[in-house]
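Trainee: Any chance you can model this:
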Amino acid sequence: MGTTQLESVQEPKYWHLKTVLSEALDSDFAVGEILPNERELAARFGVARATLRQALEQLELEGRLQRRRGVGTTVAPPRVGVAVSTAQRDWSGGGAVEAWQPVDCTTAVAPSSVTSVLDVEADEPVHIVRRIRVTHGQTVAAELLYVPSSSVPELSAIEAPSGPARARGVLRELHRLGLDGQDRSVELGSARADDAKELDRLPGAPVLVVTTRYLAAGGTAALSVATYRADTCRLTFGDSGDLEISHHDQERRAS
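Mentor: Reported below is the predicted structural model:
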């Protein structure tokens, strides 16, 4: 990585530094390689560490860098392509390689923002299914799926009270219910501690939050809050209205 002094640059220093660093990542570093520490980089480019941090944070948002616990800042792998279809969901997973994998299921009172959408009482327990999505060997998303008891009335009381087996039971009954439709929103957020652990990110790291309301019988059958890694995923909308997460390399080849 060469040395570039930025004293005469008219644009914000951190933005120009981001461009210089991005070019260096392409030419001088391999995927997974650890960058020099902040003090060394700041001295090499003649900038304050605050300016360097701004540039590194921007590169992290763009998916070029990852900050890993106990490791440091590394060059990120290519973004992974994951389809997020608006078609009716196969809750059973259908045997697909990239299907959601159930991790746990509990019965508890949901946050007020969720109970209002589900139209249940504030103190009414709901089923909370936790799932992860793995593609190309990497966990790219973690989901909390909130399901009111009224959506799965045939769920057996003798099923396992928690864990993956209980999650599969809830999903099986939800699949039998059938859906009338769904609506979805996407926003940039920060990883909570539990999501960060699942996604191998630091708490507060940028994430994409996809909230989906599943409709049946004129009401909300379930609410999904899925958290995707913003450093490895990019959301795009196709002509059909389907939502996809595109591969970083595909974007480069298309340009």
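Trainee: Run a quick neighbour tally on Asp194.
Mentor: Using other CB atoms under 10 Å as the criterion, Asp194 is surrounded by 13 other residues. Backbone N, C-alpha and C define where each C-beta goes, glycine included.
Trainee: ugh, typo on my part, it should be Arg184
Mentor: Applying other CB under 10 Å, I find that Arg184 has 15 neighbouring residues.
Trainee: any idea how far the residue lying closest to it once chain neighbours are set aside lies from Thr220?
Mentor: Sequence neighbours aside, Thr212 is the residue nearest to Arg184 in space, at 4.7 Å (criterion: CB to CB, 6 or more residues apart in numbering). In this structure, Thr212 and Thr220 are separated by 10 Å, where distance is defined by CB to CB, to the nearest Å.
Trainee: and the residue nearest to Arg184, what are its bridge partners?
Mentor: Counting by DSSP bridges, Thr212 forms beta bridges with Arg184, Ser224.
Trainee: Equivalent analysis for Asp104, please.
Mentor: Using DSSP bridges, the bridge partners assigned to Asp104 are Arg130.
Trainee: could you measure it against Ser162, distance?
Mentor: For Asp104, the distance to Ser162 under the criterion CB to CB works out to 7 Å.
Trainee: State the helix or strand in which the spatially most central residue of the chain lies.
Mentor: Geometric centre of the chain, nearest residue: Tyr228, 0.8 Å, by CA atoms, centre = their mean. Assigning secondary structure by DSSP states H and E places Tyr228 in strand 219-229.
Trainee: and that strand, how far out from the chain's middle?
Mentor: A distance of 12 Å separates the C-alpha centroid of strand 219-229 from that of its chain, computed with CA atoms, centre = their mean, to the nearest Å.
Trainee: swap in stretch 198-218?
Mentor: 6 Å.
Trainee: List the contacts of the residue nearest to Ala30 when sequence neighbours are not counted.
Mentor: In space, and not counting its chain neighbours, Ala30 is closest to Val75: 6.7 Å by CB to CB, 6+ apart. The contact partners of Val75, taken as CB atoms under 8 Å, 6 or more residues apart in numbering, are Leu25, Phe29, Ala30, Val31, Gly32, Glu33, Leu35, Arg64, Leu65, Gln66.
Trainee: ok so, going back, got the buried residues for the strand holding Tyr228?
Mentor: Neighbour counts using 16 or more other CB atoms under 10 Å place Thr220, Ala221, Ala222, Leu223, Ser224, Val225, Ala226, Thr227, Tyr228, Arg229 of strand 219-229 among the buried residues.
Trainee: and Leu179, that one's in a strand?
Mentor: No - inclusion of Leu179 in a strand is not indicated when DSSP: H, G, I helix; E, B strand; the rest coil is applied; the result is coil.
Trainee: correct me, but it touches Thr212?
Mentor: No - the pair Leu179 and Thr212 does not pass the contact test of CB atoms under 8 Å, sitting 10.6 Å apart.
Trainee: picking that back up, for Thr115, state which of the buried residues of strand 219-229 is nearest.
Mentor: Of all these, Leu223 has the smallest distance to Thr115: 9.6 Å, by CB to CB.
Trainee: quick one: that closest one from Leu61, how far?
Mentor: Going from Leu223 to Leu61 by CB to CB gives 27 Å.
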